[in-house]
Structure formats: structure tokens, C-alpha cells
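> Please work out how this folds:
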Amino acid sequence: MSTVTDVIRDSLGAREYGFVLVGNKSDCRDDERQVSWAEGHRLAASFRIRCSFIETSAKKGDNVNRIFPQLGRDVLKLRWLMQQHREQTEKPAAVDQTANRLPVKRPPRWKTWTRPWFHRRSVGRKASVA
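Numbering: from 1, shown residues only. Next up is the predicted model:
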């Protein structure tokens, strides 16, 4: 079994894929089985990648129609998780960049230029009206 996991890890490399391990002949009795359900499940978990395990029976047609929808769900979930991871890693970098670029908050220049003028004018009116 370790050779199977090595071949799969080597072929996938660092890439992320949806992966479904399918066990066939689920219609056989327990004493006729080559691999038990628990062994198949453990093997799927041992790949260190997101891998589902489904048992099927080609003879009876059990779970055959579940393979591709399960693979599709796994791919979409993996894509969503990768997007979330990407956003989390980019978010602190974006915050750091904007923090470095933001200037110190100052009042707009037109307010500093016009305030003394308007203040003087209103003081002058009060004096002339009174």
C-alpha cells in the first residue's frame, strides 16, 4: 500500500486536486474482500491531501452515481479553501502596504488658508454693525 501512496504523492507534487479513492466490489461478503472499508478509509486519510473514500458495486450499481458529484464537491470545497487561504495571506500584506502609504491626517489646506480670512471678516462685521 505504501507504494500506491508514494506514486500518488509523486504525481501530484505540490498541486492541490480533488481526489476520490473508490473501492469496488462492495457487494462481496467480508471474508471475500481484499480490502476492508476501514482500510480504504485509512488509506484515503493517509494521503495528506483532501481525499474522499467511496465504496461502489459495479455489479449492483451501488454508489456509482455518487462518485462524480462527490469529486465535484471536493473540488469546489478545495477551491473555496484555497481562495480563503489566499485572501488571508494577502490581507495582512495589503494592510501593511496601506499603512505605510497613508499620510498623517491633516486638515485640508483650503481650511487653513481661509479660516483666518473668514474669522477676520466676521469680527469686522460685528464691530461695524454694533
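> can we go C-alpha only for contacts and neighbour counts from here?
OK.
> helix/strand/coil for Lys25?
Using DSSP: H, G, I helix; E, B strand; the rest coil, the structure places Lys25 in coil.
> before we move on, what about Leu21?
If you use three-state DSSP, then Leu21 falls in the strand class.
> Give me the neighbour count for the closest residue to it other than its chain neighbours.
Ranked by CA to CA, 6 or more residues apart in numbering and with sequence neighbours excluded, the top spatial neighbour of Leu21 is Phe53, at 4.8 Å. Per other CA atoms under 10 Å, the neighbour tally for Phe53 reads 20.
> Against Gln70, how distant is the closest residue to Gly23 other than its chain neighbours?
The shortest distance from Gly23 to any residue other than its chain neighbours is 4.4 Å, reached at Glu55 (CA to CA, 6+ apart). Relative to Gln70, Glu55 is positioned 12 Å away (CA to CA, to the nearest Å).
> do Ser11 as well
22 Å.
> between the two, who's got more neighbours?
Higher neighbour count among Ser11 and Gln70: Gln70, with 17 against 10, using other CA under 10 Å.
> Helix or strand: which one has the more buried one?
Applying DSSP states H and E as the criterion places Gln70 in helix 67-101.
> Which positions within that helix qualify as buried?
By neighbour count on 16 or more other CA atoms under 10 Å, the buried set for helix 67-101 is Ile67, Gln70, Leu71, Asp74, Val75, Leu78.
> Same question for stretch 52-67.
Applying a neighbour-count criterion of 16+ other CA under 10 Å, the buried positions in stretch 52-67 are Ser52, Phe53, Ile54, Glu55, Thr56, Ile67.
> Just name the closest of those to Trp37, please.
Of all the buried residues of stretch 52-67, Glu55 has the smallest distance to Trp37: 7.6 Å, by CA to CA.
> Give me the distance between Thr56 and Leu76.
Distance, Thr56 to Leu76, using CA to CA: 22 Å.
> Same check on Asn63?
Asn63 sits 20 Å away from Leu76 when distances are taken as CA to CA.
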